[in-house]
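J.: give the three-dimensional model of this entry:
(one chain, ligands or ions: 2)
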Amino acid sequence: MSFSANLGFLWADRPLPEAIRAAKAAGFDAVECHWPYDVPTEAVTAALQETGLRMLGLNTRRGDVAGGENGLSALPGREEDARAAIDEAIAYAVTINTPNIHVMAGFTEGRDAHETFVENLRYACEKAAPYGITILIEPLNRYDAPGYFLTTTDQALAVIADVGASNLKLMFDCYHVQLMEGDLTHRIEALLPSIGHIQFASVPDRGAPDHGEVNYTHIFSIIARLGYDAPLGAEYKPGGDTDATLSWMNDA
Ligand SMILES: O=C(O)C(=O)[C@H](O)CO
Ligand SMILES: [Mg+2]
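T.: Numbering: from 1, shown residues only. Ligands and ions are numbered 1, 2, ... in the order given. Coordinates of the predicted model:
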């Protein structure tokens, strides 16, 4: 297996370029992040070039986080802000050569929200396609993100079908899917053609993948058997020194 360090959580106590170097030193094959926008692209590019790692993904801005926002793209009436966040993410991704952008939906519900999300995703997919960038959407669990628009893989597939763009894929985060739906083995098998990136963490505490209700030795072997060979995103909360949590990599 190959692994991508999610620097939104791993080495999150270090500046992003230093976190990239730490991921390389720990043996990761790639990195990904959440919201890199305050970090100059030159510093990120320098660390990526020095380490030879690729930044696999980043997220669109969430909007007014202090005011309770968690993404903009499914919020009716906020299309201008949502598209500005999409444009910003594409520009940053193009500059640092990142192939995936997670477009965040936001806290909302209902048919209008679905239509808004579909239209904004069409916009994102069209804008991203010339750069070979894939747009991702990710169902989040109801405990960490109560009220988030996108909560299940079925709902994500319905959105993907309505958008109808070949560069729109599912971010399959095993942690969220286990909390909302379970049945990970069958779901990964069935959804593989729609999956653009896979992430993981222990359930329910979102720690390293070496404890809890999901057996990741089994899940990783299923993913390998299916021939999926892109790096899997380690998106867990180390709860202290990241380097002290990495023994799972030796067992994977
Ligand atoms: O929370 C997650 O699982 C993510 O991947 C995001 O980046 C969105 O918060
Ligand atoms: Mg995730």
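
J.: for Ala43, phi and psi?
T.: Dihedral pair for Ala43: phi -70, psi -40, per degrees, to the nearest 10.

J.: is it true that Ser4 lies in a helix?
T.: No: applying DSSP: H, G, I helix; E, B strand; the rest coil, one finds Ser4 to be strand, outside a helix.

J.: give me every residue in the stretch 51-200 of the chain lying close to ligand 2.
T.: Residues of the stretch 51-200 of the chain lying close to ligand 2 by Cβ under 5 Å from the ion are Asp173, Gln199. All C-beta atoms are positioned from the backbone trio N, CA, C, and that covers glycine.

J.: in the stretch 51-200 of the chain, what residue comes closest to ligand 2?
T.: For the stretch 51-200 of the chain and ligand 2, the shortest gap (Cβ to the ion) falls at Asp173, measuring 3.5 Å.

J.: bridging residues for that residue?
T.: Gln199 (DSSP bridges).

J.: measure it to Glu32 for me?
T.: Per Cβ to Cβ, to the nearest Å, Asp173 is found 12 Å from Glu32.

J.: try Val39
T.: To Glu32, Val39 is 14 Å away according to Cβ to Cβ.

J.: cool, and Arg122?
T.: Counting by Cβ to Cβ, the gap from Arg122 to Glu32 is 24 Å.

J.: of the two, who's got more company?
T.: Glu32 (28 against 16; other Cβ atoms under 10 Å).

J.: please name the bridge partners of the more buried one.
T.: Judged by DSSP bridges, the bridge partners of Glu32 are Asn6.

J.: hang on, isn't it packed against Leu58?
T.: Yes: in this structure, Glu32 is within contact of Leu58 by Cβ atoms under 8 Å, at 7.2 Å.

J.: overlap in contacts, the two.
T.: Asn100 (Cβ atoms under 8 Å, 6 or more residues apart in numbering).

J.: output the particular helix or strand that has Ile188 in it as PDB - backbone C-alpha positions only.
T.: Following DSSP states H and E, one finds Ile188 within helix 184-191. The C-alpha trace of helix 184-191 is given here as PDB (Å, rounded to 0.1, in the frame of the first residue of the first chain):
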ATOM      1  CA  LEU A 184     -17.200  -0.900   4.400                       C
ATOM      2  CA  THR A 185     -16.000  -3.900   2.400                       C
ATOM      3  CA  HIS A 186     -19.100  -4.100   0.200                       C
ATOM      4  CA  ARG A 187     -19.300  -0.400  -0.200                       C
ATOM      5  CA  ILE A 188     -15.700   0.000  -1.300                       C
ATOM      6  CA  GLU A 189     -16.100  -2.800  -3.800                       C
ATOM      7  CA  ALA A 190     -19.400  -1.400  -5.200                       C
ATOM      8  CA  LEU A 191     -18.300   2.200  -5.300                       C
END
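
J.: which helices and strands does it pack with?
T.: Under the contact definition 3 or more Cβ pairs under 8 Å, 6 or more residues apart in numbering; DSSP states H and E, helix 184-191 sits against helix 153-163, strand 168-173, helix 174-180, helix 216-225.

J.: format these as JSON lines; extra columns: mean neighbour count.
T.: As requested, the helices and strands packed on helix 184-191 are exported to JSON lines (neighbours: other Cβ atoms under 10 Å):
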{"stretch": "helix 153-163", "mean neighbour count": "17"}
{"stretch": "strand 168-173", "mean neighbour count": "24"}
{"stretch": "helix 174-180", "mean neighbour count": "23"}
{"stretch": "helix 216-225", "mean neighbour count": "16"}
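
J.: out of these, flag the one nearest ligand 1.
T.: Nearest of these to ligand 1, taken as Cβ to the nearest ligand atom: strand 168-173 at 4.6 Å.
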